[in-house]
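K.L.:
What shape does this take:
(one chain, ligands or ions: 1)
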Amino acid sequence: MAIQTIRCRLVLIGSIALFLMVQSCGETNEVTVETPKSPQEEAKNLYTLNCASCHGMDGKLGGSGSKDLTKSTLSDAEIVNVITNGKNNMPAMKDAIQDPEKIKNVAEFVKTLRK
Ligand code: HEC
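P.N.:
Coordinates of the predicted model:
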């Protein structure tokens with residue numbers, strides 16, 4: 001009985017130590033974007049990383065002479081084309097976001113910025 005209790009306590013202490021280790025690991029590995037849980041969240045992360053510097057998170061920043069995305073009237077195909085191949089001062093993003101499916105998801109995210 002006594003030995004069993006000690007063993008049980010050791011397991012408990014071990015679990016707590018492991019939990020704390022995992023916790024502190026999470027803190028040191030700080031990242032700027034959260035781990036995506038869905039294609040939509042991933043698209044938002046890709047936008048944050050590749051687009052927000054010029055367009056802003058709300059699409060209105062207008063950096064480098066970029067268009068206000070909340071007022072954009074482009075079709076899905078046109079948005080995909082601008083993202084993939086760039087336009088004037090906007091660089092092509094096909095190297096940064098190589099997966100056409102992801103580019104499509106980013107285009108979907110861009111449309112959510114419209115009012
Ligand atoms: C270096 C700055 C820069 C970055 C980074 C950038 N853009 Fe642009 N973007 C521009 C500029 C400048 C234009 C205007 C191009 C033109 O029509 O002359 C533009 C235009 C657009 C348009 C067309 C808007 C319209 O109605 O004509 C879309 C859509 C767009 N950007 C989406 C994105 C997305 C999505 C990303 C990230 C994957 C991105 N941009 C990254 C500068 C940038």
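K.L.:
For stretch 45-61, buried residues please.
P.N.:
Within stretch 45-61, the residues that qualify as buried are 45-47, 50-51, 54-56, 59, 61, counting by 16 or more other Cβ atoms under 10 Å. For glycine as for every other residue, the C-beta is placed from the backbone atoms N, C-alpha and C.
K.L.:
Return the subset of these lying in helices.
P.N.:
Secondary structure assignment (DSSP state H) places 45-47, 50, 54-55 from the buried residues of stretch 45-61 within helices.
K.L.:
from these, which two are the most distant?
P.N.:
Spatially, the most separated pair among these is Asn45 and Cys54, at 16.5 Å (Cβ to Cβ).
K.L.:
For burial, what's the neighbour tally of Lys115?
P.N.:
Residues lying near Lys115 (other Cβ atoms under 10 Å) number 5.
K.L.:
I misspoke; the intended subject was Ala2.
P.N.:
Residues lying near Ala2 (other Cβ under 10 Å) number 6.
K.L.:
mind checking how far it is from the ligand?
P.N.:
Per Cβ to the nearest ligand atom, to the nearest Å, Ala2 is found 64 Å from the ligand.
K.L.:
Quick one, grab the pLDDT at that residue.
P.N.:
Ala2 is assigned 73 on the pLDDT scale.
K.L.:
Who are the contact partners of it?
P.N.:
Residues near Ala2 by Cβ atoms under 8 Å, 6 or more residues apart in numbering: none.
K.L.:
What of Lys104?
P.N.:
Applying Cβ under 8 Å, 6+ apart, we find Lys104 in contact with 76, 80.
K.L.:
how close does it sit to Arg9?
P.N.:
According to Cβ to Cβ, to the nearest Å, Lys104 stands 54 Å off from Arg9.
K.L.:
Can you pull the phi and psi angles for Lys87?
P.N.:
phi -160, psi 120 (degrees, to the nearest 10).
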